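*Asks:* Only the shape, not the letters, is given here:
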Ligand SMILES: C[S@@+](CC[C@H](N)C(=O)[O-])C[C@H]1O[C@@H](n2cnc3c(N)ncnc32)[C@H](O)[C@@H]1O
């Protein structure tokens, strides 16, 4: 099943990339918009329910604001909430996030299982970043929140890493912008390399489904082909967007 969820204000809800913690709207409004997206994900069978702990999300948000060094990010508060909620609901044992820069996107996913927002116990939460200096900063950031070691960063090419990952990949988050001209087109390469390790019911999240739509054409065709994924929803509540697909 293929759907799009689009909020009326998606194009006017804007963040300043170097002010990651700035409040953009009343909390009630953020909740209403993200709940509406979660309801669509539930309706099409991507999510088994829409329940997550709102207070834990706020505890996670506060810890990231206090402890993370974030030079810039395109993750809006709405997107942070949605990523946290999807992970809290799906509860992936193994989660891999590809192209995580300073780690903010990674922890938006992993924060459902580590740190003050933790609501379940995961096995491995792995962030992959190809630039060693960014991977080091992301690892420093993650260590300030996760003292268990379940969440960690690896400096590697995400295509190679997922291809040799020996266990199931229960949730795959894609945000790499590629190198050598591959740009966001690298999403499909990473997904194809991971696909055989993804069990039925696993979820793939693709950031920038709106502002990189042109580059993601082949990716979107792949996840929207029912022989590859059961359901796929484009969540459009900011100018970045997130395609959420379930196998
Ligand atoms: C634009 S950033 C993502 C930022 C994120 N959207 C945010 O708002 O914080 C994309 C990252 O992907 C990394 N990257 C590019 N190609 C990669 C690859 N093949 N494997 C892993 N990381 C990669 C880049 O070095 C960069 O740090």
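*Replies:* Noted; the coordinates are in hand. For clarity, every value in this text was computed on a predicted model and none was experimentally measured. Numbers count the residues shown, from 1 in each chain.
*Asks:* Next, the residue of the chain found nearest the ligand: phi, psi?
*Replies:* Of all residues in the chain, residue 99 sits closest to the ligand, at 2.8 Å by CB to the nearest ligand atom. To be clear about C-beta, it is placed using only N, CA and C from the backbone, and glycine gets the same treatment. Backbone torsions of residue 99, given as degrees, to the nearest 10, read phi 90, psi 70.
*Asks:* list the contacts for it?
*Replies:* By CB atoms under 8 Å, 6 or more residues apart in numbering, the contact set of residue 99 is 105, 128, 129, 130, 158, 174, 175, 176, 177, 186.
*Asks:* try residue 60
*Replies:* Contacts of residue 60 by CB under 8 Å, 6+ apart are 84, 107, 111, 112, 115, 116, 117.
*Asks:* 6 Å - rerun?
*Replies:* By CB atoms under 6 Å, 6 or more residues apart in numbering, residue 60 lies in contact with 111, 117.
*Asks:* Likewise for residue 205?
*Replies:* By CB under 6 Å, 6+ apart, the neighbours of residue 205 are 173, 242, 244.
*Asks:* Among those residues, which one lies nearest to residue 50?
*Replies:* residue 244 (12.9 Å; CB to CB).
*Asks:* Okay, buried residues for stretch 158-176 please.
*Replies:* 158-159, 161-162, 165, 169-176 (16 or more other CB atoms under 10 Å).
*Asks:* name the element residue 3 belongs to?
*Replies:* strand 2-6 (DSSP states H and E).
*Asks:* If you average the pLDDT over that strand, what comes out?
*Replies:* Mean pLDDT, strand 2-6: 96.
*Asks:* List of residues touching it?
*Replies:* 37, 40, 44, 224, 232, 233, 234, 235, 236.
*Asks:* tell me which strands and helices the longest helix anywhere in the chain is in contact with?
*Replies:* With secondary structure taken from DSSP state H, the chain has its longest helix at helix 27-43. Using 3 or more CB pairs under 6 Å, 6 or more residues apart in numbering; DSSP states H and E, the elements in contact with helix 27-43 are strand 2-6, helix 77-90, strand 231-236.
*Asks:* Which helix or strand lies directly C-terminal to it?
*Replies:* helix 54-67.
*Asks:* Next, the angle helix 27-43 makes with that next one.
*Replies:* Here the directions of helix 54-67 and helix 27-43 differ by 120 degrees (axes from the mean of the first three to the mean of the last three CA atoms, to 10 degrees).
*Asks:* mind listing what's buried in helix 54-67?
*Replies:* Quick answer for helix 54-67 (16+ other CB under 10 Å): 56, 57, 59, 60, 61, 63, 64.
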